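> this one's structure only:
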């Protein structure tokens, strides 16, 4: 579904089969504590502020098989709506976390951050089942991803609640050099969702600086590349992007910078 990305900017899909098997054994006990059956009576689900389950749309991302069982139980009990694909109608993105309470990056999670949705661990689902009502989300909001970027989901919500400009508001982006077609489209979707503008032509030579224009180059090399040429290929891409940026008064930045900025819901420092 998603192309592999640079180590610091991966948007992995669901966990691999081997990872799911390793996690399943350790999670079975936790799942059993919240087990329900098809004979369990349906509950009139209300939240702490009397919100209706009808206004909630869940979207699941990078969850383990064990966690899938739990959310299926929740869906059976509550009748909550679910979206298989990302949509702006989604209100809650539910993800599995590792032993450090960190989540993987996926397109759904990053889009959720940009649009101010709840990004929650499956523990919220378990807590709702145990309490037989919708519990407060804040305690279960994911605060870090597996690359160490912190607090993006909360900042994304606050940005939307305060009606602040979107993350990339007023910024232009020109993609320079080689990108896998699908991956490039995902990056462009994130930029557009963040209020940025995609340029389809090279920016013109400017008499003055254009700090609002970014030349985006790719740190991802083709799968079939000569490992001995890696540094040379990357340096060439960086050098060419910087040359274009310097000639147009723009700023050169990598694909990793886009992903990290979205994950943090803050524009990150661009490494020289």
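Perfect, I can see it now. Computed from a predicted structure; not experimentally measured. Numbers count the residues shown, from 1 in each chain.
> all helices for the stretch 51-200 of the chain, in order.
65-78, 107-114, 123-131, 152-161, 181-193 (DSSP state H, counting those that start in this stretch).
> avg pLDDT for stretch 218-237?
Across stretch 218-237, the average pLDDT comes to 87.
> the nearest residue to residue 60 once chain neighbours are set aside: what's it in contact with?
Leaving aside its chain neighbours, residue 60 sits nearest to residue 94 (5.1 Å; criterion: Cβ to Cβ, 6 or more residues apart in numbering). Just so you know, the C-beta spots here come from the backbone N, C-alpha and C atoms, and that holds for glycine as well. For residue 94, the contacting residues are 58-61, 63, 71, 120-122, 124-125, by Cβ atoms under 8 Å, 6 or more residues apart in numbering.
> how near is residue 94 to residue 187?
Look at residue 94 and residue 187: by Cβ to Cβ, to the nearest Å, they are 24 Å apart.
> and if you look at residue 91?
For residue 91, the distance to residue 187 (Cβ to Cβ) stands at 25 Å.
> look at those two and report which has more neighbours.
residue 187 (23 against 18; other Cβ atoms under 10 Å).
> relative to residue 151, how far out is residue 168?
Plainly put, residue 168 is 18 Å away from residue 151 if you go by Cβ to Cβ.
> more neighbours, those two?
Set side by side, residue 168 and residue 151 show more neighbours around residue 168, with 23 against 16, by other Cβ under 10 Å.
> return the residues in contact with the residue nearest the centre of the chain.
By Cα atoms, centre = their mean, the mean C-alpha position of the chain lies nearest to residue 110, the distance being 2.2 Å. Counting by Cβ under 8 Å, 6+ apart, residue 110 touches 11, 190, 259, 262-263.
> closest to residue 143 out of the residues you listed?
Of all the contacts of residue 110, residue 263 has the smallest distance to residue 143: 11.8 Å, by Cβ to Cβ.
> tell me how many other residues surround the nearest residue to the closest one once chain neighbours are set aside.
In this structure, residue 263 finds its nearest non-sequential neighbour in residue 149, 4.2 Å apart by Cβ to Cβ, 6+ apart. Residue 149 has 23 neighbouring residues, counting by other Cβ under 10 Å.
> do you know the pLDDT at residue 149?
What the model reports as pLDDT for residue 149 is 97.
> same thing with residue 46?
Listed pLDDT for residue 46 reads 60.
> thank you, goodbye.
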